[in-house]
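[1] Need coordinates for the following:
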Amino acid sequence: MSQRVLWLANDDGLTTLYEVWSAPASTGPFALIATIPHNLVGPNYLPDTNQFFYDDGAGTATTWYRVRASDGVTPSDYTAPRQPEPQPQPACLVHGRILGGDGVPIEGLQVHAHVVLTEKYKEGQFVGPLGVDSTDVDAFTDVDGDWELPLLQGAEVEITIPPTNLVKKFTVPAAAAAELVDLI
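    Below you'll find the model as predicted:
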């Protein structure tokens, strides 16, 4: 399971890199796991929030991290040990269009989704194939017959359109968006 470590960019004009350290407890022992260049156009910089990040592929929800800046010779003090904030569940915006038999969009039609999580989501991480959590969500078609539902990637979903008794089952893809017709 991966953990994302975030920290604010140092604006002292001297920083050339950041050291990322991890430990199994807040008291250590800490080990250096990454050195990230202070590059404001680099792949580990988020310009919208003025933050750098490191994705620790070996990290878990119980891993502790600290970071320090360096000019390449003299490092700064460490940040206080902390655990990453849980990351939001990855979602896929599933959408579709419903037309009547005459090809005219149907407005106000209910689209119901019964979602069964194929993996339990806890504290920002998937923790095993439990398949016990489920939820129901609904959407309604707009004037063009379009509808959309944000659904958890990897979930098993059963879409029902009540007036037509249409029922389709699929697994939500690991994508930002998907057309229903591509999933069924």
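
[2] Can you tell me how far residue 97 is from residue 141?
    From residue 97 across to residue 141, the span is 8 Å (C-beta to C-beta, to the nearest Å). For glycine as for every other residue, the C-beta is placed from the backbone atoms N, C-alpha and C.

[3] Now the common contact residues for the two.
    105, 147 (C-beta atoms under 8 Å, 6 or more residues apart in numbering).

[4] These two - which one has more neighbours?
    Legend: neighbour count by other C-beta atoms under 10 Å for residue 97 and residue 141, higher for residue 141 (21 against 15).

[5] residues touching that one, list them.
    97, 98, 105, 106, 107, 108, 109, 111, 147.

[6] Report how many residues lie close to the second one.
    Residue crowding around residue 98 was assessed by other C-beta under 10 Å; the count is 19.

[7] isn't it right up against residue 148?
    No - contact between residue 98 and residue 148 fails when scored by C-beta atoms under 8 Å: they sit 12.0 Å apart.

[8] per-residue pLDDT, residue 129?
    Looking at residue 129, its pLDDT is 37.

[9] For residue 145, which non-adjacent residue is closest in space?
    Nearest non-adjacent residue to residue 145, counting by C-beta to C-beta, 6 or more residues apart in numbering: residue 105, 3.0 Å away.

[10] count of neighbours near the one you found?
    15.

[11] Would you mark the buried spots in stretch 4-23?
    Of all the residues in stretch 4-23, those buried under the rule 16 or more other C-beta atoms under 10 Å are 5, 7, 9, 10, 15, 17, 18, 19, 20, 21, 22, 23.

[12] could I get it in PDB with only the CA atoms?
    Listed next in PDB are the C-alpha coordinates belonging to stretch 4-23 (Å, rounded to 0.1, in the frame of the first residue of the first chain):
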ATOM      1  CA  ARG A   4       1.800  10.000   0.000                       C
ATOM      2  CA  VAL A   5       4.000  12.200   2.200                       C
ATOM      3  CA  LEU A   6       3.400  16.000   1.600                       C
ATOM      4  CA  TRP A   7       5.400  19.000   2.800                       C
ATOM      5  CA  LEU A   8       5.500  22.700   2.000                       C
ATOM      6  CA  ALA A   9       8.300  23.900  -0.400                       C
ATOM      7  CA  ASN A  10      11.100  25.700   1.400                       C
ATOM      8  CA  ASP A  11      11.500  29.300   0.000                       C
ATOM      9  CA  ASP A  12      14.800  30.200   1.600                       C
ATOM     10  CA  GLY A  13      16.600  30.200  -1.800                       C
ATOM     11  CA  LEU A  14      19.200  27.800  -0.500                       C
ATOM     12  CA  THR A  15      17.400  24.500  -0.400                       C
ATOM     13  CA  THR A  16      18.500  22.000  -3.100                       C
ATOM     14  CA  LEU A  17      16.900  18.800  -1.900                       C
ATOM     15  CA  TYR A  18      14.600  17.200   0.700                       C
ATOM     16  CA  GLU A  19      15.300  14.000   2.700                       C
ATOM     17  CA  VAL A  20      12.300  11.800   3.500                       C
ATOM     18  CA  TRP A  21      12.600   9.500   6.500                       C
ATOM     19  CA  SER A  22      10.300   6.800   7.700                       C
ATOM     20  CA  ALA A  23       9.800   4.700  10.800                       C
END
